[in-house]
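In: the following block contains a protein sequence and its predicted model.
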Amino acid sequence: MLKTELRVKYRKKRSLLTSGSLETSSIQIANRLLQLSIWDYSYYHIFLTIAKNQEVDTTFILSILQGKDKNIVVPKLSKERVLRHYLLLDNTLLKKNSLGIPEPEEGIAVSEICLDVVFVPLLAFDCTGNRVGYGGGYYDVFLKKCRPDTVKIGLSFFKAEETIEDITKDDVSLDFCVTPDRTYAF
């Protein structure tokens, strides 16, 4: 399928999820992440859930990261429409932007080069690790600035599509994608 078709399909599938299934599936995803060999790193970048989009609830993953005393980094969309990254501290104030994304109001900036693991939001992914996001390209631009060895992990409620037909050279693929039922390694 094409990206535009997949966006429509997976927005619809998400809209049919109940709050209970969202929570249960998000917990299952967080528990599956514990089985990956990713916990010896220092800097973990995680998106903060956009509730209105019925995204994977990352608060469970945040709790794991805090419990393991990791450096947690969160994104903020700049006025230039690129992602900036800030250390999430106990006193970090979060405020929703115009798109409904919780973001730090200010904080300690962290370079993409410092990031060891990035949890990537997505709508769909395929069997080779390609992903479909919301279409803004923010994460593809961001991920290209990370080190080549940065581990990129997608989080999805749904299984992989066979293939995404219109992948381009600008698309950055995942290393893993974790669903409630399975962990895909690419």
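Out: Looks like it arrived, so ask away.

In: pick out the residue nearest the middle of this protein.
Out: The centre of the chain sits closest to Val120, judged by CA atoms, centre = their mean, with a distance of 2.3 Å.

In: which strand residues bridge it?
Out: For Val120, the beta-bridge partners are Gly154 (DSSP bridges).

In: quick one, strands of the chain?
Out: 43-45, 71-77, 83-87, 94-96, 102-104, 117-120, 124-125, 131-132, 151-155, 176-178, 183-185 (DSSP state E).

In: just the C-alphas of the longest one, formatted as PDB.
Out: Extracted in PDB, the C-alpha atoms of strand 71-77 (Å, rounded to 0.1, in the frame of the first residue of the first chain):
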ATOM      1  CA  ASN A  71      18.700  10.300  30.800                       C
ATOM      2  CA  ILE A  72      15.300  10.900  29.200                       C
ATOM      3  CA  VAL A  73      15.200  13.300  26.200                       C
ATOM      4  CA  VAL A  74      11.900  14.600  24.700                       C
ATOM      5  CA  PRO A  75      11.200  16.500  21.500                       C
ATOM      6  CA  LYS A  76       9.900  20.000  21.000                       C
ATOM      7  CA  LEU A  77       8.800  21.400  17.600                       C
END
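
In: what about that strand, average pLDDT?
Out: What strand 71-77 shows for mean pLDDT is 97.

In: quick one: pLDDT of the closest residue to Arg7 other than its chain neighbours?
Out: In space, and not counting its chain neighbours, Arg7 is closest to Leu123: 5.6 Å by CB to CB, 6 or more residues apart in numbering. Just so you know, the C-beta spots here come from the backbone N, C-alpha and C atoms, and that holds for glycine as well. pLDDT, Leu123: 97.

In: tell me, how many residues neighbour Leu123?
Out: Neighbourhood size, Leu123 [other CB atoms under 10 Å]: 23.

In: wait, it sits on Tyr139?
Out: No: counting by CB atoms under 8 Å, Leu123 does not reach Tyr139; the two are 11.5 Å apart.

In: joint contacts of these two?
Out: Gly133 (CB atoms under 8 Å, 6 or more residues apart in numbering).
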